[in-house]
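with the sequence up front, the predicted model follows.
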Amino acid sequence: MKEVIRFFDCFAGIGGFYYGVQQIKSNKYEFRHVAYCEIDKSAQKFYDVACSSEGTQKIQDVKDIKTKKNPNGIMVSDFDILFAGFPCQSFSNVGYRKGFDDPRGQLFFYILDMLDYYKPKYFVLENVQKIHTIQNGSLLDEMKKALCEIGNGYILHTWNLLASDYGLPQKRNRIFFCGIRKDLTEPKGISEPPVVDLKTAKYPTTWHLLEKGAVDPKHYIPQGSRRTILTKPSNWEGDVNIDNAIARPLTATMAKWHRANQDNYFSEAYIAGTDPYVRPSVNLDTEPIRRITPLEGFRLQGFPDKYAEIAKNLKLAYSTQYKLIGNALPVNLAQAVIEHFLNSYL
């Protein structure tokens, strides 16, 4: 008989962890969705539709959850594993990497409070890779020490992974913290999840997932913004290349028309081409060039096409859709990490 693993999806977003576990097929265990927590109203609406959350406990704010420090809070339904992609703006380049000096970074302490009070068997946490550079790595060391010592103690595995190594054509780095209670097992030397050959993936490159037909004209770079977006200032490092076979990391502010060194833009010549690995010669002044569409953004994060339809039915503005997409956890990473971690111990 399979072990039922009840999961609490905290800082749930649009369901990167949720959809990741739906892809896992095991003879030893199966998942049951018991609760989720998400404060963003648009993400809540999306999650309610996309993640079949009817009958699942819904909590808006992690600060309202019952813990030793908050004895009058909301008691979470019994759960065996905590998933939490806790807000990363304070740890990212865009957030200037303030860490625990930023209130958003301090939400990590609420995770510790939940682990201390509920003592789940397992946890899988996720954040931006840049967290390891804050305070020369000392912040990450503090976090790891706290996770190992909280409650009765956890055996911790930490992996720094890249989405393009797990079936998604996107250079998106994420760090994962996977823990199992010390009283359940002996420590094991577990390497990171095995890499997936991108050439065998559903979308080996961005070209494979780009919409080849007509798209909303709003996705094309406004003529007055072209020079700013597509030209590299002389004092900048990096490149402003468009038509990248492997996408730059998606951002939550894609709707703002960032410079091409930060976001992803594609020419009609590339989209209509036949070789995803060759950038065509493009006249940057006249060639129609566009950003990715929401459908393409969902695909780059590993979500099914129905997600774009859900967003459309909810009448979400493009800026809202891009925010939800950019803040999401890549599904393929969630699946690879959870499956590898649990299979190593169960």
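That came in fine, so what should we check first?

now do the same end-to-end measure for stretch 209-229.
Stretch 209-229 has its terminal residues 23 Å apart, counting by CA to CA, to the nearest Å.

could I get the full set of helices for the stretch 151-300 of the chain?
Ranges of helices in the stretch 151-300 of the chain, per DSSP state H, counting those that start in this stretch, are 206-209, 226-230, 268-271, 294-300.

give me the buried positions along the second one.
In other words, helix 226-230. 226, 229, 230 (16 or more other CB atoms under 10 Å). Where you see a C-beta, it was placed from the backbone N, CA and C, and this is true even at glycine.

which strands or helices does that helix pack on?
For helix 226-230, there is no helix or strand it packs on, judged by 3 or more CB pairs under 8 Å, 6 or more residues apart in numbering; DSSP states H and E.

can you give me how far it is from the chain middle?
Its chain's C-alpha centre and that of helix 226-230 lie 28 Å apart, by CA atoms, centre = their mean, to the nearest Å.

hmm, residue 287 and residue 220 touching each other?
No - look at residue 220 against residue 287 with CB atoms under 8 Å: they stay out of range, at 10.4 Å.

circling back: okay, the helices of the stretch 151-300 of the chain in JSON lines with distance to residue 43 next?
Listed next are the helices of the stretch 151-300 of the chain as JSON lines, based on distance: least, CB to CB, whole Å:
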{"stretch": "helix 206-209", "distance to residue 43": "23"}
{"stretch": "helix 226-230", "distance to residue 43": "28"}
{"stretch": "helix 268-271", "distance to residue 43": "30"}
{"stretch": "helix 294-300", "distance to residue 43": "14"}
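
quick one: the longest helix along the chain to chain centroid distance?
Ordering each helix of the chain by length in residues (DSSP state H) puts helix 331-345 first. Distance of helix 331-345 from the chain centroid (CA atoms, centre = their mean) equals 14 Å.

give me the mean pLDDT for that helix.
Average pLDDT, helix 331-345: 98.

packing partners of that helix?
helix 16-22, strand 122-128, strand 154-162, strand 173-181.

name the residues that touch that helix?
Outside helix 331-345, the residues that touch it by CB atoms under 8 Å, 6 or more residues apart in numbering are 5, 16-17, 19-21, 23-24, 26, 28-29, 83, 122, 124, 126, 157, 159, 161, 163, 166-168, 172, 174, 176, 178, 180, 184-185, 188, 190, 192-194, 196, 301-303.

one more pass at 6 Å, please.
Among residues not part of helix 331-345, those counted as contacts by CB atoms under 6 Å, 6 or more residues apart in numbering are 16-17, 19-20, 23-24, 124, 161, 163, 166-168, 174, 176, 178, 180, 185, 190, 193, 302-303.

from these, which would you call buried?
The neighbour-count test (16+ other CB under 10 Å) marks 16-17, 19-20, 24, 124, 161, 163, 166-168, 174, 176, 178, 180, 193, 302-303 as buried among the contacts of helix 331-345.

hmm, back to that, between the helices and strands packed on helix 331-345, which one is nearest to residue 69?
strand 122-128 (18.3 Å; CB to CB).
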